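K.L.:
Quick one, structure for this:
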Amino acid sequence: MKITTDSLVNSFRICGAAAGQVLLLLLISSFVVCGHDNPKTLAIGSRAPDFNLEGIDGKMYSLQSFKEAKVLVVVFTCNHCPTAQAYEERMKSLVTDYKDRKVELVAIMPNYAGSLRYDELGWSDEPDDFEGMKRRAKDRAFNFPYLYDGDTEETALKYGPVSTPHVFIFDQNRILRYTGRIDDEENFRKPVRSQDARNAIEALLQNQPVPVQTTRTFGCSIKWKSKSDWLAKADEAWAKKAVKLDIADPEDVDATLKNTTSGNLRLIYFWSEGCKACETAFPEYVKLARIYQEREFELVTICAGDSTNFQSVLAFLEKQQSAGDNKLYTDDLEKIKPLSSLSGEQLPYTILVEPGGKIVFSKQGLTDPEFLRRMIFNDPYMGRLFR
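P.N.:
Model (predicted):
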């Protein structure tokens, strides 16, 4: 059976919110792209390739930085992958549990941020770039160095990680003795049966052979620079989506604000044709729609204007590839309670409303898109897999 991105999405939609999340996690965790350009994984018995990478603390790190470690654990991980996120606490526990036994752990980001599709970013509040790494490490209180290799990929190409996370454990002579997963419970819904990384560490600390030297990995595929075609295909698929525009009256807008039917977190963007600020910000809202297209989220754009401008408004929406719910509101703004004191010249206006009508954010004027993205991601109605 061939597993495609579309089949993952369709399975999620068919199963519904709760069951779909479980299925989606299973599929995301096991679905690893094995392209022809993936490097060969470092073989057991190989010497650790050296590196010279910058950490989020501004320091440069190499193998020499960990010269005192009897066991060195190198983990290739990232920000965006749900499986990698879920293992962050287990990585921190490894550091804490072995800090007095000369075991050190270093995490390396292998992903090129420019190779992530928008919808892949919907599973994290941070992108896979250096600044995103800094914020994530601070938010999650990482107790290990977090190094960036995404721009050059030199280190990742030498080690050959298959997915995030992927663990490489080296002995005191920096010979690879174990590579694979941290443990066997990828779905975090059952007790761990095999502590593979810990078993390897314990064996090395006792100068014993590692009982199991290699295990399969699971998680998200490495986002190599060479995967630009996969972004182009995603752009083509989005561009083919139909763009529609409906005429709306006060009752329609009121129903949109009440948000009682979809069950999704709803972002509503009020704008007007000819408003430079509105049109400049518009692509950021479409970007949010693309990022969260597989989540419990929807974008509704409402243009305040005249019905005679229907075709020009539709043409603008088509140019922006606004494939969500678009409305042309032709009545007075004063009939819309949240906007009753505004005129068309005072747009844009942004409202984030949960199912049932609770407005959790509203702002007149421009809104920082990264702030808005994190607010959307952290809203409980998004149904995050890991908290």
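
K.L.:
Look up phi and psi at the closest residue to I359 other than its chain neighbours.
P.N.:
If you skip the residues right next to it in sequence, I359 has V353 as its closest partner in space, 5.1 Å away by C-beta to C-beta, 6 or more residues apart in numbering. Heads up, the C-betas are built off the backbone N, CA and C, glycines and all. In terms of degrees, to the nearest 10, the main-chain angles of V353 are phi -130, psi 130.

K.L.:
What's the local residue count around V353?
P.N.:
Each residue near V353 was counted by other C-beta atoms under 10 Å, and the total is 23.

K.L.:
Also D151?
P.N.:
Residue neighbour count, defined by other C-beta under 10 Å, stands at 12 for D151.

K.L.:
Contact partners for it?
P.N.:
Y112 (C-beta atoms under 8 Å, 6 or more residues apart in numbering).

K.L.:
what's the answer for the one 5 residues further on, then?
P.N.:
Contacts were defined as C-beta under 8 Å, 6+ apart; by that measure A156 touches 39, 76, 108, 110, 149, 222.

K.L.:
buried stuff in the helix or strand where it lies?
P.N.:
For A156, the enclosing helix or strand under DSSP states H and E is helix 154-159. Of the residues in helix 154-159, those with enough neighbours to count as buried (16 or more other C-beta atoms under 10 Å) are 155-157, 159.

K.L.:
Check the gap between Y148 and D332 for me.
P.N.:
Between Y148 and D332 the distance is 52 Å, computed by C-beta to C-beta, to the nearest Å.

K.L.:
more neighbours, the two?
P.N.:
Higher neighbour count among Y148 and D332: Y148, with 21 against 13, using other C-beta under 10 Å.

K.L.:
State the distance from the more buried one to S115.
P.N.:
Per C-beta to C-beta, Y148 is found 14 Å from S115.

K.L.:
what does P348 give?
P.N.:
When distance is defined by C-beta to C-beta, P348 is 31 Å away from S115.

K.L.:
The two: which is more packed in?
P.N.:
Under the neighbour definition other C-beta under 10 Å, P348 and S115 were set side by side, and P348 has more, 23 against 19.

K.L.:
Contacts only, for that one.
P.N.:
Contact analysis of P348 by C-beta under 8 Å, 6+ apart lists 269-271, 275, 277-278, 281, 364-366.

K.L.:
Quick check on these: which are buried?
P.N.:
269-271, 275, 278, 281.

K.L.:
List just the nearest of those residues to K138.
P.N.:
Distance ranking of the buried ones among the contacts of P348 against K138, using C-beta to C-beta, places A281 first at 27.8 Å.

K.L.:
Relative to the whole chain's centre, how far out is the helix or strand containing the closest one?
P.N.:
With elements taken from DSSP H and E, the one containing A281 is helix 276-291. Centroid displacement of helix 276-291 relative to its chain, using C-alpha atoms, centre = their mean, to the nearest Å, is 19 Å.
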